[in-house]
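**Q** Give the three-dimensional model of this entry:
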Amino acid sequence: MIESAGKFDLKGTVETGRDMGRPYCQNELGESNPYEMRGETPRDNVVGAVSNLLEGYTCSEAILGAYASALGLPRETAVKISGGFGGGMAQGKTCGAVTGAYMVLGLKYASGKPGGGYSRDRTYQLVQEFAHRFRERRGTTECRELLRENGVDMTRSNLSEELRKSGLCVEMVRDAAEIIESIFLEED
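**A** Residues are numbered from 1 along each chain as shown. So this is what the prediction gives:
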């Protein structure tokens, strides 16, 4: 098992913007960057993913969208690809932040060639490691269970509004991005 690099401190980095209440993310220089991964530091990537979620993207779109450009995938394409994975693939199954992270790990480490060889095996190991770390933090990778444990019922008609108010998905996206970054730091 790969050792964890720990959590990144995000206090005070994500705020509600004054422009029609839309969220934005500011770096230390006061520059807003809600749309693309700048990749200057692991913290930038974590904040970018959280900012994407607060902008209105689903958890899977927020994660994959934050990393896509830096990994050679156009951001719009990434958001489209991950569009069906939010809300546990719209069924309460594997959390969208987790499936988004699996896609990021595949983009970074898989060869993209038939057979895959070592890169496929290594990618599978990293996906398993990610899942292990996420379960260590949250107890499960299942969206329905994560929500239920925090008092949120997936069957409610106002689920999106309730999730926004609870901040629960922000926590899942932050955790997923932090784990991705710790894996990146250990692998590179």
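
**Q** doesn't Phe130 fall inside a strand?
**A** No. Per DSSP: H, G, I helix; E, B strand; the rest coil, Phe130 lies outside any strand segment and is helix.

**Q** That one and Pro114: what is the separation?
**A** Distance of Phe130 to Pro114, computed by C-beta to C-beta, to the nearest Å: 24 Å. For glycine as for every other residue, the C-beta is placed from the backbone atoms N, C-alpha and C.

**Q** Which one's more surrounded, these two?
**A** Set Phe130 next to Pro114 and count neighbours by other C-beta atoms under 10 Å: Phe130 wins out with 22 against 6.

**Q** My read is that that one contacts Ile179, right?
**A** Yes. Counting by C-beta atoms under 8 Å, Phe130 does reach Ile179; the two are 5.6 Å apart.

**Q** so what sits against both of those two?
**A** Ala101 (C-beta atoms under 8 Å, 6 or more residues apart in numbering).

**Q** what bits of the protein have low per-residue confidence?
**A** 1-41 (pLDDT under 70).

**Q** Leaving out the residues flanking it, which one is nearest to the residue nearest the centre of it?
**A** What sits nearest the mean C-alpha location of the chain, by C-alpha atoms, centre = their mean, is Ile63, with 3.2 Å. Residue nearest to Ile63 in three dimensions, not counting chain neighbours: Gly100, with 3.0 Å by C-beta to C-beta, 6 or more residues apart in numbering.

**Q** Check Arg122 too.
**A** Tyr109 (5.8 Å).

**Q** what about the one you found, neighbour count?
**A** Neighbour number of Tyr109 under other C-beta under 10 Å is 20.

**Q** From Gly116, how far out is the residue nearest to the centre of the chain?
**A** In terms of C-beta to C-beta, Ile63 sits 22 Å off from Gly116.

**Q** Please apply the same query to Ala70.
**A** For Ala70, the distance to Gly116 - C-beta to C-beta - is 22 Å.
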